[in-house]
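In: Whatever this is, show me its structure:
(one chain, ligands or ions: 1)
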Amino acid sequence: MIGLDFLEFRFLDILDIILVSVLLYYVYKLVKGSAAINIFTGIVIIYLIWKLTQLLKMEMLSSVLGEFIGVGMFALIVVFQQEIRKFLLMIGSTNFSGKNNWFQLNFSNRENKTQNYVDIIVEACKKLGTTKTGALIVIRRNTKLDFVKNTGDDMDIKVNRPIIESIFYKNSTLHDGAIVIEDGRITATRVILPVSNDRDIPLRFGLRHRAAVGISEKTDAVALVVSEETGQISYLKNGEFNIFEDLEKLIDQIKEDLS
Ligand SMILES: Nc1ncnc2c1ncn2[C@@H]1O[C@H](COP(=O)(O)OP(=O)(O)OP(=O)(O)O)[C@@H](O)[C@H]1O
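Out: Numbering: from 1, shown residues only. Sure, this is the predicted structure:
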């Protein structure tokens, strides 16, 4: 009996540590690249010192730090207002019954559908690149994108090359902002995306690229950008630029990420 209790306790401990790690990872992902990262690091350090003083039974210092952390919690809500909002949004809009659900059985069917529309999207980007037409395409994975779709116009068109090309055509009324693609359908146009504050993004990239980084770091969506200046295609995932050798490799990469 004692042995079992011990085992159960250890299992919960491990689970506890994993959950805290996941939580810290997501908080880090949210504040990464913004000024908030310094505040976040400061808090983690103060918290660790506080725990250490408790462990070493340094009563005075531990009570001072304890008070500081108690009051600090309210200050944090104010300082991290934006981040807390994004965090709740991220949790609330994760679609657990979505595409990557292990219990979903129609894999093969969906894979085929993904095959087709990814080819079309990349072909369209290639064409847009040759004419130096800027484009910004967000492809949904699990996280619902309603909060960004609301900033643009609703649409429901099956992905096809001429449509994508004509949306981003400079004289088109729809060319501004991003388009959102869900399950092979364009579901929104003229969408305004959250712009990333990441200071590591090279200066040659402008707002369009920053917006693509922003949506891919705040949600699990992936994004494609065609640069207006160079015609170059960039692929963003998890807030980072993904390097690819050629368009074939890019297509394979996107298909893998969407499957
Ligand atoms: N936050 C955003 N959400 C969606 N689209 C955006 C956003 N910011 C910019 N864009 C799109 O990018 C276009 C170009 O913007 P801007 O001229 O500021 O960037 P840029 O310097 O050309 O960007 P890049 O060099 O990254 O292509 C805008 O007209 C708009 O269509």
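In: so where's the stretch 101-250 of the chain shaky on pLDDT?
Out: 101-115 (pLDDT under 70).
In: So which residues of it form strands?
Out: Secondary structure of the stretch 101-250 of the chain (DSSP state E, counting those that start in this stretch): strands at 135-139, 153-158, 178-182, 185-191, 222-226, 233-237, 240-242.
In: List of residues touching the third one?
Out: Spelled out, it's strand 178-182. Contact partners of strand 178-182, identified using C-beta atoms under 8 Å, 6 or more residues apart in numbering, comprise 117, 121, 136-140, 145, 148-149, 152, 155, 159, 164, 167, 186-193, 211-212, 215, 223. Placement of C-beta: from N, CA and C, glycine included.
In: Now, of these, which are buried?
Out: By neighbour count, with 16 or more other C-beta atoms under 10 Å, the contacts of strand 178-182 hold 117, 121, 136-140, 145, 148-149, 152, 155, 159, 164, 167, 186-191, 193, 211-212, 215, 223 as buried.
In: when you check the ligand, which of the residues you listed turn up near it?
Out: Contacts with the ligand within the buried ones among the contacts of strand 178-182, counted by C-beta under 6 Å from any ligand atom: 136, 193, 211.
In: was I right about the first one contacting residue 228?
Out: No: with contacts defined as C-beta atoms under 8 Å, residue 136 does not count as touching residue 228, sitting 10.2 Å away.
In: list the residues that contact both of those two?
Out: Counting by C-beta under 8 Å, 6+ apart, the common neighbours of residue 136 and residue 228 are residue 208.
In: quick one: the helices in this structure?
Out: For the chain, applying DSSP state H gives helices covering 2-31, 36-55, 59-79, 81-92, 107-130, 146-149, 161-168, 207-218, 247-258.
In: tell me the most buried of these?
Out: Of these, the one with the most neighbours on average (mean count of other C-beta atoms under 10 Å) is helix 207-218, at a mean of 23.
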